[in-house]
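Q: The sequence and its predicted three-dimensional model are supplied below.
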Amino acid sequence: MTRPRTNQICLDVTRYYHCVSRCVRRAYLCGNDSHSGQSYEHRREWVEERILSLTHCFTIDICAYAVMSNHCHVVLHIDVGKASSLSTHEIIERWHGLFAGNVLSQRFLAGHTLTDAEMRAVEEQAETWRKNLMSVSWFMRCLNEHIARRANAEDECTGRFWEGRFKCQALLDEAALLACMAYVDLNPVRAGVAKTPESSDHTSIHRRLLGLRSDCDKSRPQGLMPFSSNSQKTAICPGFNLQDYLELLDWTGRAIRDDKRGALTSNLPPIARRLQFEKDAWLSMTAGFESLFHTLVGSEERVKNACTQTGRCWSQGINACRRHFPS
């Protein structure tokens, strides 16, 4: 039975979520349509730019993303602390970056004098928008609706572009988060459209590697949540740095590629050993994360705790979690 988003997304359980949106029927998000011969490669730029631009408005960080031919992945982190610290003025400014707001919010930003009743109305509305700005559903709505409108306008058609609502998986611990990020970053390698992670255009790993080669802040590529560094309070998996993740991804990418299986060492990189992963379990997860797991992903204990907190008796896929994640 389908569960409402309010039961699938619970900030008391986790603040990390993997979301996937797929195109309907023969619609092409990007890539080349072999049936019509038309190329939609330019749409990859649309999606990537939109994903990164939304972080300027939402209090949501991007951990990983990949733009594929007929679907896209994003791994999101909800920054509750940042959302709570924003002032009424900052909340309204961010919301106006997405929507027009209302007459009172426009007058408030313009510096007009408001009555006490009008000011209370503005503050009440700002609190609603504060919740929306840390909502995964609102983030995906602003992403998908924008892309659908542009694609339909270009195709000179109307109707549904996306295959229903996005799929959402809650990532309950560091192991689930890293496995999901590796699965997303290696999507082009696994699909055969890129040979290496560094050649995987329009992915978060490609952007992180570009950041390492440039003179910008190497700890935080623009728009992406950073790994651990001395200058960052909020980071992906504190205690693990970007170099750890790159080594793990390189090892996994070589394992996925058929032409390099013979050169694969039997030892996992240090980051995977610290998380107590076995080689076969790690490769299985990073090759089929979506098919293996359902809405809750993590160790068996974390899944059971999440079920209790969200009012579930049981979670589909818990046996896969038991097999793949260390207790």
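A: Arrived safely, thanks for sending.
Q: In this structure residue 43 contacts residue 152, no?
A: No. The criterion here is CB atoms under 8 Å, and residue 43 misses it with residue 152 at 11.9 Å. In this view, the C-beta of every residue, glycine as well, is placed from N, C-alpha and C.
Q: neighbour-wise, which of the two wins?
A: Here residue 43 and residue 152 are compared on neighbour count by other CB atoms under 10 Å; more neighbours surround residue 43, at 20 against 15.
Q: any idea how far residue 49 is from the more buried one?
A: 11 Å (CB to CB, to the nearest Å).
Q: before we move on, what about residue 256?
A: 28 Å.
Q: Of these two, which one has the most company?
A: Residue environment comparison for residue 256 versus residue 49 gives the larger neighbour count to residue 256, 17 against 12, counting by other CB under 10 Å.
Q: Please enumerate the helices of the stretch 51-200 of the chain.
A: Remark: helices of the stretch 51-200 of the chain, listed N- to C-terminal, are 80-85, 88-96, 103-109, 116-132, 136-155, 174-185, 187-191; assignment by DSSP state H, counting those that start in this stretch.
Q: quick one, which of the ones you listed is packed in tightest?
A: Among these, helix 174-185 has the highest mean neighbour count (mean count of other CB atoms under 10 Å), at a mean of 25.
Q: what sits up against it?
A: Applying CB atoms under 8 Å, 6 or more residues apart in numbering, the contact partners of helix 174-185 are 16, 18, 63-66, 73-75, 169, 171, 197, 200, 203-205, 236-237, 240, 245, 248-249, 252, 271, 275, 277, 282, 285-287, 289-290, 297-299, 302, 324-326.
Q: now residue 173, nearest residue through space, not along the chain?
A: Excluding the flanking residues, the one nearest residue 173 by CB to CB, 6 or more residues apart in numbering is residue 298, at 4.4 Å.
Q: Sketch out the strands for the protein, chain order is fine.
A: With DSSP state E applied, the chain shows strands at 16-22, 60-67, 71-78, 167-171, 296-297, listed in chain order.
Q: Save the ones you listed as TSV, and put in mean neighbour count and distance to residue 113 too.
A: Putting the strands of the chain into TSV (neighbours: other CB atoms under 10 Å; distance: least, CB to CB, whole Å) gives the following:
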stretch	mean neighbour count	distance to residue 113
strand 16-22	22	42
strand 60-67	24	34
strand 71-78	24	35
strand 167-171	22	44
strand 296-297	29	50
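Q: export these to CSV and tack on distance to residue 185?
A: Written out in CSV, the entries for those read as follows (distance: least, CB to CB, whole Å):
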stretch, distance to residue 185
strand 16-22, 12
strand 60-67, 6
strand 71-78, 9
strand 167-171, 14
strand 296-297, 16
